[in-house]
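A.B. asks: just need the structure, nothing else, for what follows:
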Amino acid sequence: MKKNIKNISAAAKECPFRQTLDTLDGKWKFAIIYELFKKNTYRFKELERQVEGITPRMLIKELKSLEKSDIISRKQYPAVPPKVEYSLTEHGITLEPIIKVMNEWGIKHLERKKKK
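C.D. replies: Now for the predicted structure:
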């Protein structure tokens, strides 16, 4: 039985769709990426204000994960107080068609809900 579970896990890791879901999982990653498409570069506090409801701790966690996946880049300037900016990488920009389609679907979904 344990061998079957290991084989399923290995197969899931090879699945491109599963890789996408694993990279962009969670409640906040798409919201962060969406905001970065609206404005190319954000400082931490600006981004925290734009992503409504996210805690600073969760924002840090999600930014680190997105940076590790090469979706966003973090640029730190040698200044006091510290200045850090976040922006999409070239790889992150390739998510634009997905974000646009999700936004369009959301608009249609909201319209549909209003009609009911």
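
A.B. asks: skipping its backbone neighbours, what lies nearest the residue positioned nearest the centre of the chain in space?
C.D. replies: Among the residues of the chain, the one closest to the centroid is residue 29, at 2.7 Å (CA atoms, centre = their mean). Leaving aside its chain neighbours, residue 29 sits nearest to residue 62 (5.7 Å; criterion: CB to CB, 6 or more residues apart in numbering). No exception for glycine: its C-beta is placed from N, CA and C like everyone else's.

A.B. asks: surely the one you found is in contact with residue 30?
C.D. replies: No - the criterion here is CB atoms under 8 Å, and residue 62 misses it with residue 30 at 10.1 Å.

A.B. asks: among these two, which residue is more densely surrounded?
C.D. replies: For the pair residue 62 and residue 30, the greater number of neighbours falls to residue 62 (20 against 15), based on other CB atoms under 10 Å.

A.B. asks: so that one: helix, strand or coil?
C.D. replies: When classified by DSSP: H, G, I helix; E, B strand; the rest coil, residue 62 comes out as helix.

A.B. asks: where does the protein dip in pLDDT?
C.D. replies: Scanning the chain for pLDDT under 70 picks out the ranges 1-13.

A.B. asks: kindly recompute the last result at 80.
C.D. replies: The model of the chain has pLDDT under 80 over residues 1-14, 116.

A.B. asks: now the strands: where do they sit in it?
C.D. replies: Using DSSP state E, the strands assigned to the chain run over residues 41-43, 72-77, 83-88.

A.B. asks: tell me the strands beside the second one, with direction?
C.D. replies: Same thing as strand 72-77. Sheet pairing for strand 72-77, assigned by DSSP bridges, gives strand 83-88 (antiparallel).

A.B. asks: please consider this matter closed, and thank you.
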